[in-house]
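A.B. asks: Here is the input, now give the coordinates:
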Amino acid sequence: MSGTIDYGNLMHRAMRGLIQEVLEGVQENGLPGAHHFFITFDTNHPEAELADWLKQRYPNEMTVVLQHWYDNLDVTDQGFGITLNFGDAPETLFVPYDAMRTFVDPSVEFGLRFEKQEVEDEDEADDDDVDDLQPAADIVSLDSFRKP
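C.D. replies: Modelled structure (predicted):
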């Protein structure tokens, strides 16, 4: 065990656990009331699964909306699979929790943002840290999702 507590990773895990629990509730009971979600994720994540044409259209990140029409929501410990409608073309996606950049529910002004920061000194990086990245977590500003 190292000499410090890694609060950033602990917060990341806790926030992803919260998202998993929310999505499991939606999987079982549907979206309650006016709740809906904007989920932005890294399309380059090695475990993200999306159609080639979506990957070409969104080469870095993509925001999906879970609101009016979605199907086959399948929540796992690693992420969630879902079928969404893209211009009358249903497509199945898999979004790993580790690929998420934001999770926003504008109906209740709730949002989370996940960021990755590079470790400044590689000698201080853990040998287990394959990507030499250290996650940090913030609350996301909802202003960018508000209608004018």
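A.B. asks: Is the spatially most central residue of the chain bridged to anything, and to what?
C.D. replies: Centroid check for the chain by CA atoms, centre = their mean gives Met100 as the closest residue, at 2.3 Å. Using DSSP bridges, the beta-bridge partners of Met100 come out as Phe41.
A.B. asks: Just to check, it is in contact with Phe41?
C.D. replies: Yes: counting by CB atoms under 8 Å, Met100 sits close enough to Phe41 to count as a contact (5.2 Å). Any C-beta I mention is one placed from the backbone N, CA and C, and that applies to glycine too.
A.B. asks: Report pLDDT for the residue nearest to the centre of the chain.
C.D. replies: We have a pLDDT of 93 for Met100.
A.B. asks: Please apply the same query to Val26.
C.D. replies: In this prediction Val26 is given a pLDDT of 91.
A.B. asks: what about it, neighbour count?
C.D. replies: Burial of Val26 is recorded as 19 neighbouring residues (other CB atoms under 10 Å).
A.B. asks: repeat for Leu93
C.D. replies: 21.
A.B. asks: contacting residues for it?
C.D. replies: By CB atoms under 8 Å, 6 or more residues apart in numbering, the contact list for Leu93 reads 48-50, 54, 64, 81-84.
A.B. asks: Give the closest residue to Glu47 in space, chain neighbours not counted.
C.D. replies: Leaving out its chain neighbours, the residue that sits closest to Glu47 by CB to CB, 6 or more residues apart in numbering is Pro96, at 4.3 Å.
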